[in-house]
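Asks: What follows is a predicted structure for the sequence shown.
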Amino acid sequence: MKSQDTPFVGGPLDGRVLPVLLGITGHPPKTYRVPVPDAAGGPPTVLVYRRVDAGRGGLLHQLWKYEYTPDADPRRRLKWPWSKPDVPAVTGTRDTTDGQSATPPARPRPTDE
């Protein structure tokens with residue numbers, strides 16, 4: 001597999017250049033997660049770096065670098081176009097302003113005559 005030496009900016013990896021594996025498109029991943037073990041034996045802390053443009057390295061060669069984002073969510077979630085947005089679940093029923101139920105009234109059944 002191909003790799004590219006990619007600089008890291010900010011955070012604990014500031015100033016380091018690490019080889020990052022390239023994907024099928026020839027680009028490194030959009031986010032780079034670094035698990036750091038906890039000294040007390042707890043769950044590891046995950047540092048998140050985001051890929052940003054670093055200019056061109058010739059006629060057709062794109063250069064990238066990773067910038068530290070301390071407020072990023074370390075969990076991996078796939079964002080498919082058909083996925084529902086992340087909305088916290090609401091318990092109970094939905095209230096309307098006039099105090100009526102949110103469900104429509106039932107239609108009368110037709111009678112056979």
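Replies: All right, it came through fine. Residues are numbered from 1 along each chain as shown.
Asks: Can you tell me the SS state at the spatially closest residue to residue 55 that is not a sequence neighbour?
Replies: Nearest non-adjacent residue to residue 55, counting by Cβ to Cβ, 6 or more residues apart in numbering: residue 63, 5.3 Å away. Glycine gets a C-beta too; all of them are placed from N, C-alpha and C. Following DSSP: H, G, I helix; E, B strand; the rest coil, residue 63 is assigned to strand.
Asks: Around residue 63, count how many other residues there are.
Replies: Per other Cβ atoms under 10 Å, the neighbour tally for residue 63 reads 14.
Asks: Give the other helices and strands that the longest strand seen in the chain contacts.
Replies: For the chain, the strand that runs over the most residues, judged by DSSP state E, is strand 45-56. The elements that strand 45-56 packs onto, with contact taken as 3 or more Cβ pairs under 8 Å, 6 or more residues apart in numbering; DSSP states H and E, are strand 31-36, strand 62-68.
Asks: For this protein, give me the ranges with low pLDDT.
Replies: 58-60, 74, 76-77, 86-101, 112-113 (pLDDT under 70).
Asks: which stretch of helix or strand covers residue 28?
Replies: Taking DSSP states H and E as the definition, residue 28 sits outside all helices and strands.
Asks: To clarify, my last question referred to residue 75.
Replies: Under the criterion DSSP H and E, no helix or strand holds residue 75.
Asks: That one and residue 81: what is the separation?
Replies: 20 Å (Cβ to Cβ, to the nearest Å).
Asks: wait, residue 49 sits on residue 28?
Replies: No. Contact criterion Cβ atoms under 8 Å: residue 49 and residue 28 do not qualify, at 10.3 Å.
Asks: Look at those two and report which has more neighbours.
Replies: Legend: neighbour count by other Cβ under 10 Å for residue 49 and residue 28, higher for residue 49 (24 against 20).
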